[in-house]
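Asks: quick one: sequence plus predicted model below, questions after.
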Amino acid sequence: MSLDRDLLRELLGQEELRDLLDAGAVEEVEAQLRRSPRNADQLHDQLRLRGDLRAGEYDEGFAQTLLRERRALLVRFAGDERLIAAEDAGRYRDAVGVMPPGGLPEVFLEGGPESLGQLVLRYARGRGPFTTAEANDRFGRDVEPLLLRLEREEKLVRGELRPGGTEREWCDPDVLRRLRRASLAALRKEVEPAEQATLGRFLPNWHGIDRRATLREALVPLQGLSLPVSLWESEVLPRRVPGFNPGQLDQLCASGEVVWVGAGLDRVAVYFREDAAALGRPAAAPRPEGEAHDTIREVLARSAEFWHDLVAATELEPEIALPALWDLVWAGEVTNDAWTPLRAGRRYQAPRAPRGRPRRFSRQRSAGITATQGRWSLTDRLFPERPDPRALAELLLERQGIVTRDGVRGEGIPGGYGAVYGELRALETLGVCRRGYFVEGLGGAQFAVPGAVERLRELRPREDEEKEPLVLAAADAAQPYGAALAWPKRADGRAARVAGAHVVLLGGEAALFVERGGRSLVPLREPEEEWLRVALAALVEHVKKGGAKRLAVERFDGEPVAETVIYPLLLDAGFLAGPRRAVLRP
């Protein structure tokens, strides 16, 4: 903390502290040095300690009090009118040629050859690093020779001090010590782990929620992530791609650029075809065993087939072939070159033959979405080799920004954290990521890309900052609770990352869990009208924008909603009163 200029020269080559001082700390110390006098006496003290003030740098009312009492004077030099302490009249006369008014006590007229030096030192004590040009402008004359003499006398120090500056500056030694202490304090605060709620703010920001992105940009970090089928087009992609059109996804699938793979019942993972082999298969349902399954595997092993060709080749009844086909889909063995079958309402119902005996070439054709559209193929061609753990580790860094043990476990990655830990350490050695304790309570083995750490610190809550609400699908990768972060204890097992459920975050903290269809609302903190109104307003706005279907709230915190404190708040927010429920329609 001491300012040994010779030591600085030895360590840095010159007094280059520009990269060591924190810009925010410099602003904070300068604000403290300027102070804001709360009465005329404090303004007088400031004039005595820090020197003259220009118009706009002091309170006019306090100044008028001092002028009436002849404790301060208005003088003019260097092209500006300045307010000075009456006691300094002699110093300003000898330093800059200001003629004092008559009637002042003799002691106030004392000056001397050191007057300008004294005023320059006062100027230095009242601010942070300053340039020679700024000092010359302040005093209306060239003071560089004087500054050099004061440096030789070790009353001033010189170096590249101000962050963002372009030339060498001067500074009072005591002020520079304060700047160093404040910068170290700021640095210590930066390296402190962030609160878990900050991760709740960081992750949606990192995923680009409600920010503009192309569909390709949104899909890259989501590769290999197992999500409910309905969530992809209703929540995940629309929140990342404003104006999302399902036709965009159809085009990427039809071109072969993007493929989907089943990852358990009603869940799929998405890949860019070129990345699938390196990332490997997602965890899926058990391998189905049966004659129909084996027959379909045998046929598709020869070539990809459309539905009617597949039925003909397998010689299976459609009612048997279709359920077996979808068993293979959820097991991750079969995929389709279209997203359309995933949209079908009845996936296990084969297309019905028309009733009666219509004309063979009747112009009536079914145009509805069915579970058989598109061309079916085995996924073995996508995953010909063992996956590359390094690629998976890099993808996790891109998706999560800050990779933690619980975050990896929450994604259901085969092998858990141990499967990627060694690769994350290797990436740290290569400088791709950093290891540290970035978020409190999540273990010391956390890995982050450098940009993520800076963004996490920027998103730390500030004092008196309003907690911004955000509604997210509970199973969205941008929603950390239930994965990287544990649900609040108040959830008591009633919150889960399931399709159709939503979570309302307030400043990154989980505040309200909304069950699928809104049948039940679970407060994740003690219910209070202030935060409930904010959370409900955000929920209503989300539904009105099409983010969720009709909500019919029947219970709140396990109690009938009509008997709880939230019922009038729901009605105020826009819900309609119903029998034993409150209903909200888009």
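Replies: The structure has been received and is ready for your questions. Numbering: from 1, shown residues only.

Asks: partners of residue 377 in the sheet?
Replies: Per DSSP bridges, the residues bridged to residue 377 are residue 335.

Asks: do I have it right that it meets residue 334?
Replies: Yes - under the criterion of CB atoms under 8 Å, residue 377 makes contact with residue 334 at 7.1 Å. For every residue, glycine as well, the C-beta is placed using N, CA and C.

Asks: neighbour count for these two, which is higher?
Replies: Set residue 377 next to residue 334 and count neighbours by other CB atoms under 10 Å: residue 334 wins out with 24 against 18.

Asks: just give the closest residue to that one, not the sequence neighbours.
Replies: Closest residue to residue 334 apart from its sequence neighbours, by CB to CB, 6 or more residues apart in numbering: residue 328 at 4.1 Å.

Asks: the host helix or strand of the one you found - what's its average pLDDT?
Replies: Taking DSSP states H and E as the definition, residue 328 sits inside helix 318-330. Here helix 318-330 scores 95 as its mean pLDDT.

Asks: which residues sit against it?
Replies: 262-267, 284-285, 288, 290, 292-293, 296-297, 310-311, 314, 316, 334-336, 347-351, 371-372, 376 (CB atoms under 8 Å, 6 or more residues apart in numbering).

Asks: render the CA-only coordinates of it in CSV, please.
Replies: Only the C-alpha atoms of helix 318-330 are listed here, as CSV (Å, rounded to 0.1, in the frame of the first residue of the first chain):
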residue,chain,number,x,y,z
PRO,A,318,-50.1,-50.0,-39.2
GLU,A,319,-51.7,-50.3,-35.8
ILE,A,320,-48.7,-52.4,-34.7
ALA,A,321,-45.9,-50.6,-36.6
LEU,A,322,-46.7,-47.1,-35.4
PRO,A,323,-46.5,-47.7,-31.6
ALA,A,324,-43.3,-49.8,-32.2
LEU,A,325,-41.8,-47.0,-34.3
TRP,A,326,-42.4,-44.4,-31.6
ASP,A,327,-41.0,-46.8,-29.0
LEU,A,328,-37.8,-46.7,-31.0
VAL,A,329,-38.0,-42.9,-31.3
TRP,A,330,-38.1,-42.4,-27.5
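
Asks: give me the pLDDT for residue 314.
Replies: pLDDT, residue 314: 95.

Asks: oh sorry, the question was meant for residue 190
Replies: 66.

Asks: low-confidence stretches in the stretch 1-150 of the chain?
Replies: 1-16 (pLDDT under 70).

Asks: what segments of it are helices?
Replies: With DSSP state H, counting those that start in this stretch as the criterion, the stretch 1-150 of the chain has helices at 5-12, 23-34, 40-50, 60-68, 89-96, 115-125, 132-139, 144-152.

Asks: would you map out the domains in the chain?
Replies: 5-191, 212-350+373-381, 389-458, 469-584 (automatic domain parsing).

Asks: measure the last one end to end?
Replies: Meaning domain 469-584. 19 Å (CA to CA, to the nearest Å).

Asks: now the shortest one
Replies: Domain 389-458 has an end-to-end distance of 31 Å (criterion: CA to CA).

Asks: so for it, mean pLDDT?
Replies: On average, domain 389-458 scores 92.

Asks: neighbours around residue 321, how many?
Replies: Neighbours of residue 321 using other CB under 10 Å come to 21.

Asks: got a pLDDT number for residue 375?
Replies: 95.

Asks: then residue 550?
Replies: 86.

Asks: sorry, back to before: quick check, distance from the helix holding residue 328 to the centre of its chain.
Replies: Counting by CA atoms, centre = their mean, to the nearest Å, helix 318-330 is centred 42 Å from the centre of its parent chain.

Asks: any buried residues in it, and which?
Replies: 318, 320-330 (16 or more other CB atoms under 10 Å).

Asks: could I get the residues you listed as JSON lines with distance to residue 424?
Replies: Shown next, in JSON lines, are the buried residues of helix 318-330 (distance: CB to CB, whole Å):
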{"residue": "318", "distance to residue 424": "48"}
{"residue": "320", "distance to residue 424": "46"}
{"residue": "321", "distance to residue 424": "44"}
{"residue": "322", "distance to residue 424": "43"}
{"residue": "323", "distance to residue 424": "41"}
{"residue": "324", "distance to residue 424": "40"}
{"residue": "325", "distance to residue 424": "38"}
{"residue": "326", "distance to residue 424": "36"}
{"residue": "327", "distance to residue 424": "36"}
{"residue": "328", "distance to residue 424": "34"}
{"residue": "329", "distance to residue 424": "32"}
{"residue": "330", "distance to residue 424": "31"}
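
Asks: show me which of the residues you listed is closest to residue 244.
Replies: Taking CB to CB as the measure, residue 244 lies nearest residue 329 of the buried residues of helix 318-330, at 23.8 Å.

Asks: residue 472: which of the buried residues of helix 318-330 is nearest?
Replies: residue 330 (25.6 Å).

Asks: residue 411 versus that closest one, what's the distance?
Replies: With distances taken as CB to CB, to the nearest Å, residue 330 is found 18 Å from residue 411.
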